[in-house]
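In: 3D, please:
(one chain, ligands or ions: 1)
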Amino acid sequence: MSTKQNSNQSPYDDIYVKRGARPTKEHIQEILALAGNVSGRVLDVGCGEGIILQHFSDAVGMDISVKALLLAKKNVDKELVHSSATHLPFKEHSFDLLVLSEVIQYLNDSDVDKMLKDAKRVLKPSGRAIIAAPNKNCLLRPIFWIFNPFARAIVKQYGKDTLKQKLREHFEVEKIYLRPHPPWLPKFELLERRMYALVRK
Ligand SMILES: C[S@@+](CC[C@H](N)C(=O)[O-])C[C@H]1O[C@@H](n2cnc3c(N)ncnc32)[C@H](O)[C@@H]1O
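Out: This is a model prediction of the structure:
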C-alpha cells in the first residue's frame, strides 16, 4: 500500500474496526453493468474493503481510511493508495473508468467540487465515471440511520435532481436512476434508496 498523502486518522477507521462496509451483491452487479466491458485502467475512489475492486482486472483502489485499506489488502491483490478523494495522486488522463461508490455523500460542497474536478483531470478523454449515492428522498432513511454507522456519518445528501445538477457542473451525465434497497421493495422513488449515475468527460 502506498501512502501518497500524509493525513491523520480518518473518522471512518472506527467504523471499519467495529463493523466494516461490504457492498451488497445487487450493488456490485449494478456497478458492473454500468461499467460494461471496460478495457483499461480503473480507479476505485473510496474503495473501502476492496470488494468492488476485486471485479476489475487492471485497477487501483484508493481510500482515506488506513483501516479500510488494510482490510482491502487481504481481499485484493491490487495497488492500494492512501489519499483523499479531493487530491487524486495520479497524472492526468490515467484512467478509463472511475468508480465513486458511496463516497460523494461524505464530502462537503467544496470538497465535492474538488473531487469531481480532479476526477475529470485523471480520466482519459474518452473516460467515464460511475457515481453511486443514497437517495435523499428515500423514506427509509431513518432506518438506515439507526442501523448503519456509515449512514450516520453522511455529510451531504442528494436526490436525483440535485445530484444530476452537481454532476453536470463537471461532466456530461449519460444516465442517472434509482434502485430499491433492499431489492425486493417496489420501484417507487420514495422507497428507492440507491442512486446510480454514469457520466462522461
Ligand atoms: C460507505 S463506504 C463505501 C465503500 C465502497 N466504495 C463500497 O461501495 O462498498 C465509504 C468509503 O468512503 C471512504 N471515504 C470517505 N471520505 C473519503 C475521502 N474524502 N477520500 C477517500 N475516501 C473517502 C471511507 O473511508 C469509506 O471507505
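In: which bits of the protein sit near the ligand?
Out: For the chain, the residues in contact with the ligand (CB under 6 Å from any ligand atom) are 10, 12, 21, 23, 46-48, 51-52, 63-65, 68, 84-86, 101-103, 106-107, 150. Any C-beta I mention is one placed from the backbone N, CA and C, and that applies to glycine too.
In: In strands, which of these fall?
Out: For the residues of the chain next to the ligand, the ones inside strands are 63, 101, with DSSP state E as the criterion.
In: Send me the helix ranked longest in the chain as CSV with only the CA atoms.
Out: Taking DSSP state H as the criterion, the chain has its longest helix at helix 109-122. The C-alpha trace of helix 109-122 is given here as CSV (Å, rounded to 0.1, in the frame of the first residue of the first chain):
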residue,chain,number,x,y,z
ASP,A,109,-19.8,21.1,-1.1
SER,A,110,-16.4,22.5,-1.7
ASP,A,111,-14.7,19.0,-1.4
VAL,A,112,-17.2,17.5,-3.8
ASP,A,113,-16.2,20.1,-6.4
LYS,A,114,-12.5,19.4,-5.8
MET,A,115,-13.1,15.7,-6.1
LEU,A,116,-15.1,16.0,-9.4
LYS,A,117,-12.6,18.4,-10.9
ASP,A,118,-9.8,16.0,-10.0
ALA,A,119,-11.8,13.0,-11.2
LYS,A,120,-12.1,14.8,-14.6
ARG,A,121,-8.4,15.5,-14.7
VAL,A,122,-7.3,11.9,-14.1
